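> Please work out how this folds:
(chains A and B)
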Amino acid sequence: AAGVIQSPRHLIKEKRETATLKCYPIPRHDTVYWYQQGPGQDPQFLISFYEKMQSDKGSIPDRFSAQQFSDYHSELNMSSLELGDSALYFCASSPRQGAESQETQYFGPGTRLLVL
Amino acid sequence: QKEVEQDPGPLSVPEGAIVSLNCTYSNSAFQYFMWYRQYSRKGPELLMYTYSSGNKEDGRFTAQVDKSSKYISLFIRDSQPSDSATYLCAVTSGNTGKLIFGQGTTLQVKP
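Numbering: from 1, shown residues only, chains lettered A, B, ... in the order given. Now for the predicted structure:
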């Protein structure tokens, strides 16, 4: 079965640089969520989109922005990177309609970001 | 105080043991309860999903939710070395689907 695709899988950046993370949801899933997981931490919700509109916002810094496109893929843009932004960034997708509940989120493999 | 509390462990058991993993939560608005398994450097994998109180069984895994005490559990029967991973409980109110995770319990099943 198709899974959530994230790219790149690994990314190394310098402080104050920018980064763009991409997420391709499972086919027919129209809701995308972004989470940040620091070392030894649980995933923290950043932001979510439903039908290309932002549906919820969590502890996402103002330096970060995200959007969902017409093909339902999503991009997380991170600017003025800081050392503390080093983490695993996960994207998850879920269907809003159909047999599965919207609360069933399937996670991608993550993008490991290292800021030097 | 975190909205979802989970003992981080680590928890070490012999192969074949019954494993009990638990979480408590504080907000009665949470209606949906999940258990995810996460192997090192991998994305969380959905194991079990339960709506409201009750039990749900899937093979060797049983999830229990007691909303009156705000307590959720995952039981693993006949544990295997391949079950060694971090287990994360997660809750959501269902309005937007935002998941709130527990800290995760690291489980090691020894052959």
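> what sits against the closest residue to residue A:68 other than its chain neighbours?
Spatial nearest neighbour of residue A:68, chain neighbours left out: residue A:49 (3.7 Å); criterion: Cβ to Cβ, 6 or more residues apart in numbering or on different chains. For the C-beta atoms, the positions are set from N, CA and C on the backbone; glycine is no exception. By Cβ atoms under 8 Å, 6 or more residues apart in numbering or on different chains, residue A:49 lies in contact with A:31-32, A:55, A:66-68, A:74.
> now with 6 Å?
By Cβ atoms under 6 Å, 6 or more residues apart in numbering or on different chains, the residues touching residue A:49 are A:32, A:68, A:74.
> what's residue 111 in contact with, if anything?
Since no chain was named, I'll use chain A. A:6, A:21, A:89.
> Let me rephrase: I mean chain B.
By Cβ under 6 Å, 6+ apart, the neighbours of residue B:111 are B:15, B:81.
> how about a cut-off of 10 Å?
Residue B:111 makes contacts with B:14-16, B:80-81, as judged by Cβ atoms under 10 Å, 6 or more residues apart in numbering or on different chains.
> Filter the residues you listed down to just the ones in strands.
The strands, defined by DSSP state E, take in residue B:14 from those.
> measure the residue most central in space within chain A to residue B:96 for me?
Geometric centre of chain A, nearest residue: residue A:34, 3.1 Å, by Cα atoms, centre = their mean. Using Cβ to Cβ, to the nearest Å, residue A:34 is found at 13 Å from residue B:96.
> about what we covered before: hey, what's the residue nearest to residue A:68 bridged with?
residue A:32, residue A:54 (DSSP bridges).
> Ok, residue B:101 next?
residue B:90.
> give me every residue that touches it.
Applying Cβ under 10 Å, 6+ apart, the residues near residue B:101 are A:35, A:37, A:41-45, B:2-4, B:6, B:23, B:34, B:36, B:38, B:44, B:88-91.
> Recalculate using a threshold of 8 Å.
Contacts of residue B:101 (Cβ under 8 Å, 6+ apart): A:42-44, B:4, B:36, B:88-90.
> ditto for residue B:93
Applying Cβ under 8 Å, 6+ apart, we find residue B:93 in contact with B:27, B:29-32.
> Within reach of chain A, which of these are there?
The subset of those lying close to chain A, counting by Cβ under 8 Å from any Cβ of the partner chain, consists of residue B:32.
> near chain B, which residues of chain A?
So chain A meets chain B at A:4, A:31, A:33, A:35, A:41-45, A:48, A:55-56, A:58, A:88, A:90, A:92, A:94, A:101-110, A:112 (Cβ under 8 Å from any Cβ).
> Let's see which of the contacts of residue B:101 end up in strands.
For the contacts of residue B:101, secondary structure assignment (DSSP E) places A:44, B:4, B:36, B:88-90 in strands.
> Can you flag the buried ones in the residues you listed?
Taking 16 or more other Cβ atoms under 10 Å in any protein chain shown as the criterion, what is buried in those is A:44, B:4, B:36, B:88-90.
> Return the closest of those with respect to residue A:62.
residue A:44 (15.9 Å; Cβ to Cβ).
> which residues touch the closest residue to that closest one other than its chain neighbours?
Distances taken as Cβ to Cβ, 6+ apart place residue A:36 nearest to residue A:44, at 5.1 Å, with adjacent residues excluded. Shown in contact with residue A:36 (Cβ under 8 Å, 6+ apart): A:43-44, A:46, A:87-90.
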